[in-house]
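**Student:** I'd like to go over a predicted model; first the sequence, then the structure.
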Amino acid sequence: MAENNTISVNVGVILQDLNSEVEKICLSCIKMALSDFYASHPYYSTRLVLNTRESKENVVSAASSVLDLIKNANVQAILGPVTSMEQTFIISLGDQAEVPIISFSATSPSLTSLRSSYFFQFAQNDSAQVKALTAVVKGFGWRQVVLIYIDNEFGEGVIPYLTAALEEVDARVPYRCIISVSATDSQIVEELYKLMTMQTRVFIVHMTVDLSSRLFAKAKEIGMMSEGYVWLTTSNIPNTLKSLNSAAINSMQGVLGVQTYIPTTVEFEKFKLRWKQQFCRDNPTIIGEELNIFAFWAYDAAFALAMAIEDVWTTSFGFQKSNDSINSSTDIESFEVSHYGPKLRQALSLTRFDGIAGNFNLVYGQRQLSTFQIVNIIGDGARTVGFWTLKSGLMRKLGSPSSANSSIVSTSMSDLGPIIWPGESISVPKGWVNPTNGKKLRIGVPVQEGFTEFVSVMIEPGTNTTDVTGFSIDVLKAAVDLLPYALSYELIPFANPDGTMAGTYNDLCYQKFDAVVGDVTIRGSRSLYVDFTMPYTESGVVMVVPVKDIRRESAWVFLKPLTWDLCLASLLTVRKLHPVDADLKLQLRNGNTVGYQKNTYVYDLLRTVGFDDSKLKAYESVEECDALLSKGSENGGIAAAIDETPFMKILLAKYCSKYAMVGPIFRTDGFGFVFPKGSPLLHDVSQAILNVTEGEVILNIENKWFNKECYCPDNSIPGVSSNRLGLETFWGLFLIAGVASVLALIIFLTSFLYKHRHILINSEPGGSTQGKIRTLLEIFNKKDFSSHTHKTTQRARVADMGDAVNTILNNCSESPFGNSSDNGDQQNSTTTPCSSTGQESAEVSPPIQVDVTNDGEMEDNPERAQHCDNC
């Protein structure tokens, strides 16, 4: 279509100052976008005509410019204004006139809360970058962050989003430093000195580039750009870093920031070259200016607007007066409404193309950006150390195979390149140090009359100084010694003026202390308001009950079957201490009174189980607990003591022969130190406690405070028997043996008297009773050769005697009946074994006759003789 047949469409452009170099760059990009668009589409019917206005950095002036453009220039859309504050004022005007307001530089998230259907945020919404910032905070393990931001719409808009995102990664915001737009250098320094007195050393800066350059310059002057400090910035500062002079950049050395990512393509590089040539021709006096992200967004905004207007082309564009405002008197009330406003709004919402700043895509009127660079300001510019994407989190390079195949969003510092921190340090700052004003950590400790092994508070009468000692205090000292930095603290007793504890342990945890150290149990209800370190003691609530020695009731234990590893001696000598009523429900059912330590949460547990107040009795010390248990529930004492494992171990160490521990009956996580939510100390102290409890240090501390009483008292404790065996232990065995012996004696006497009854009934004259008794005694004393035992013994004796005789007979060649020859010739000695050597036998010895009588004596008996054929 010929040039003279095109339709001119007026659009407005509102900038702050047309003489500003930054504003000139943005305006040149808008003009270049229209030139490129129509050069590539020469036959399009529409041509945008720019109507430029200045806001003079004033919201009223910006609103006046919008009124002028709508009423007098009949613009169909407006590009600008520049700032978020100006946008807030004019968005409602665009709604009323149904004229789209397109922002290429206002980034505040608060603009979206106005819910305008005619407002389009082509610039990046600041809320999109908070996830990238918090990923860095989480990756380096920082637990507290101070926010420093400008006191205007731009500064305040992102703070709620940033605070919420930090809380999601367990980072707390202890302080917000607000810098006025018109703040003087002395006011800036005053705020920075406040920050120096605090513990936190991690700062996130969100402000305009000109104010931030002043802030960093003053921070460097007072030493806050040195080693140990962490400075993070939102994208506004890195995005406009090239517009700063070398002095400003030099004051930002070591700063880590988030920067909007723009893909580097061939078209992008060609565009920068063409723009530079054109800008130099139009502004020959300006040298060395560089494009920034706002200029790229301005280019894409103008390009998108030209596309949308072409889509809704018609023969004329114009306005009509609203029927509701015909009789209105003021200019605002007599606003005319654009004929094609709704169609143009719809066309802009559906616009899609590959822009200079990346893919152009709108969702609910906002440009969608999901990739950011993590940059480190070093030297004369920013060096990229990594990237962040919504899908993969932190990564060193975009498109790496590990990130592409992973479904886990990374927040690891190892996914970033090497970083140079303030002070040219390569060591990752801790993010927390001792405050420069020498303020000590205020640590609250409980005050107890009993169980002082954990925490003992003593007031020196002469000096009125407080001395706090105990197991928990020594664990604290050991943990502090392992910290990589010095930590000064003071121990403050949680006490009333009279020295008693000023409340419960819950009250102690919720006081305004920097920490709480003592026998404080880690509980879920408390963790809603405070943070706990790793536990440093055993966990669980147990029950301690009296025991009785049931060994004296084991007189019949020898009747029990024995195993290979259990002998009768062990059953008799090992003490058997049996707990009495070792069941909490049984205690409740029997109506027994139980005890608990005063000012502890155990009372609430027992009430929850069902114990009435009348059945609960508090004690404050080990001695008082022992006294109550010794009395028993029936005598005004208690049947059992319910307390945590560490406390009950102290009781058993002192009275181990009297009581037994049952449980745990309730599960707990042990004792831990208490810190406020988000305390930067929590991680370091927890790690130190873990190292203490894993080594020999904790054993030495336990030996110091507990093992000095870890012995069993002697037999002076009444009611508990010793390990020595007494007559009562064997009375069952003695009873059985005695009864068996008496029965055997009775049976034997009866049988004996019956066998010799003829002696008792003998009626011969002269037979006296005394004589009969003597006769019976003689018979009783005489051996019974007919008994089985006697016969067995005699057979054994005969066998032994026979062996002896055979030995003699077999060796008869050497017997005294033969004589050896004088010359030792033995050739004939084997012919007649029983003859003399060298001679024939002169005679044969008579056979030997041996008999073993019933009396065990040997007699001559031919019938029982033993013969030797060779003798």
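**Tutor:** On my side now, so go ahead. Residues are numbered from 1 along each chain as shown.
**Student:** which residues of this structure score low on pLDDT?
**Tutor:** Along the chain, the model assigns pLDDT under 70 to residues 1-4, 314-335, 400-411, 434-438, 462, 549-582, 707-730, 763-767, 783-871.
**Student:** name the helices or strands packed onto the lengthiest helix in it?
**Tutor:** The helix that spans the most residues within the chain, counting by DSSP state H, is helix 731-755. Helix 731-755 makes packing contacts with helix 769-781 when contacts are defined by 3 or more CB pairs under 8 Å, 6 or more residues apart in numbering; DSSP states H and E. (C-beta placed from N, C-alpha, C; glycine too.)
**Student:** Can I take it that Lys649 is in a helix?
**Tutor:** Yes: counting by DSSP: H, G, I helix; E, B strand; the rest coil, Lys649 is found in a helix.
**Student:** Please report how far it lies from Gly540.
**Tutor:** For Lys649, the distance to Gly540 equals 11 Å [CB to CB, to the nearest Å].
**Student:** When the two are compared, which one has more neighbours?
**Tutor:** Per other CB atoms under 10 Å, whichever of Lys649 and Gly540 has more neighbours is Lys649, with 21 against 16.
**Student:** What residues sit buried inside the longest helix of the chain?
**Tutor:** Using 16 or more other CB atoms under 10 Å as the test for burial, helix 731-755 gives Leu733.
**Student:** tell me the angle of it relative to helix 769-781?
**Tutor:** 110 degrees (axes from the mean of the first three to the mean of the last three CA atoms, to 10 degrees).
**Student:** Which residues in the very next helix or strand once past helix 731-755 does the neighbour count mark as buried?
**Tutor:** Sequence order places helix 757-760 as the next helix or strand after helix 731-755, per DSSP states H and E. Using 16+ other CB under 10 Å as the test for burial, helix 757-760 gives no buried residues.
**Student:** ok now helix 757-760, how far from the chain's centre?
**Tutor:** Offset of helix 757-760 from its chain centre (CA atoms, centre = their mean, to the nearest Å): 97 Å.
**Student:** That helix packs against which elements?
**Tutor:** Using 3+ CB pairs under 8 Å, 6+ apart, the elements in contact with helix 757-760 are helix 769-781.
**Student:** quick one: contacts of the helix it packs on?
**Tutor:** Contacts to helix 769-781, defined as CB atoms under 8 Å, 6 or more residues apart in numbering, come from residues 752-753, 756, 759-760, 762.
**Student:** In TSV, list these along with distance to Glu623.
**Tutor:** Listed next are those as TSV, based on distance: CB to CB, whole Å:
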residue	distance to Glu623
Phe752	69
Leu753	71
His756	76
Ile759	79
Leu760	76
Asn762	83
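**Student:** Report how many residues lie close to Asn506.
**Tutor:** So Asn506, with other CB under 10 Å, has 16 neighbours.
**Student:** If you could redo that for Phe89, that was the one I meant.
**Tutor:** 18.
**Student:** Wait, a helix at Ala63?
**Tutor:** Yes: with three-state DSSP as the criterion, Ala63 is part of a helix.
**Student:** Spit out the contact partners of it.
**Tutor:** 86, 89-90, 93.
**Student:** 10 Å instead, please
**Tutor:** For Ala63, the contacting residues are 14, 55, 81, 86, 89-90, 92-93, 332, by CB atoms under 10 Å, 6 or more residues apart in numbering.
**Student:** By neighbour count, sort out the buried ones in the residues you listed.
**Tutor:** The neighbour count (16+ other CB under 10 Å) marks 14, 55, 81, 86, 89-90, 92-93 as buried among the contacts of Ala63.
**Student:** What is the three-state secondary structure of Asn10?
**Tutor:** strand.
**Student:** The residue nearest to Pro174 when sequence neighbours are not counted - how many residues pack around it?
**Tutor:** Leaving aside its chain neighbours, Pro174 sits nearest to Gln144 (5.4 Å; criterion: CB to CB, 6 or more residues apart in numbering). Using other CB under 10 Å, Gln144 has 22 other residues around it.
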